[in-house]
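Q: any chance you can model this:
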Amino acid sequence: MVNVLRYVKGEGEAAYQKYGEMVLEILQKIGARPLYMGSFDSTVIGDFDETFDSIALVQYPNRQAFLDMIGSEEYQAAHVHRDEGLESQWLLASTPIFTG
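A: Numbering: from 1, shown residues only. Have a look, this model is predicted:
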């Protein structure tokens, strides 16, 4: 999953960080793992006027693991912090073609 994130101004990043800490524990339980999180700096190629704050990549063992996670009570308890922290988000599902 590719997460492109824009935080609510002010305390949004802190709220999302709390969500991330809670979800990290869930990811470990289901065999998923965060691969990368970094700041969104600029668009290099393409006509893209949107700006975001961060990009995160998370690898799930399969799509069902993701669906099971988001339906769980444990995830729903964390999700409130996600809602508090994000102004907007793009969540892009991807299937590996090449891993190096």
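Q: Ser39 - how many residues pack around it?
A: A total of 8 residues lie near Ser39 under the criterion other C-beta atoms under 10 Å. (Glycine included, C-beta is placed from N, CA and C.)
Q: go on, Gln76?
A: Applying the criterion other C-beta under 10 Å, we find 10 residues in the vicinity of Gln76.
Q: go on, Ser54?
A: If you count neighbours by other C-beta under 10 Å, Ser54 ends up with 17.
Q: cool, and the one 10 residues further on?
A: The burial metric for Gln64, expressed as a neighbour count using other C-beta under 10 Å, is 10.
Q: can you give me the distance of it to Val4?
A: In this structure, Gln64 lies at 24 Å from Val4, with C-beta to C-beta, to the nearest Å as the measure.
Q: for Val23, same thing?
A: 16 Å.
Q: who's more crowded, those two?
A: For Val23 versus Val4, neighbours defined as other C-beta under 10 Å are more numerous around Val23 (20 against 16).
Q: next, the more buried one: phi, psi?
A: Phi and psi for Val23, reported as degrees, to the nearest 10, are phi -70, psi -30.
Q: per-residue pLDDT, it?
A: According to the prediction, Val23 has pLDDT 96.
Q: could you do Asp47 as well?
A: The per-residue confidence score, pLDDT, reads 82 for Asp47.
Q: now do Phe66
A: 96.
Q: wait, it touches Ile26, no?
A: No - here Phe66 lies out of contact with Ile26, judged by C-beta atoms under 8 Å, at a distance of 10.8 Å.
Q: and for the two, which residues touch both?
A: Residues touching both Phe66 and Ile26 (C-beta atoms under 8 Å, 6 or more residues apart in numbering): there are none.
Q: can you give me the helices for the chain?
A: All helices of the chain, identified by DSSP state H, fall at 12-30, 63-70, 73-85.
Q: tabulate the ones you listed (TSV), appending distance to Glu50.
A: As requested, these are exported to TSV (distance: least, C-beta to C-beta, whole Å):
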stretch	distance to Glu50
helix 12-30	16
helix 63-70	24
helix 73-85	18
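Q: to Asp47, which of those lies closest?
A: When these are compared for distance to Asp47 using C-beta to C-beta, the nearest one is helix 12-30, at 26.8 Å.
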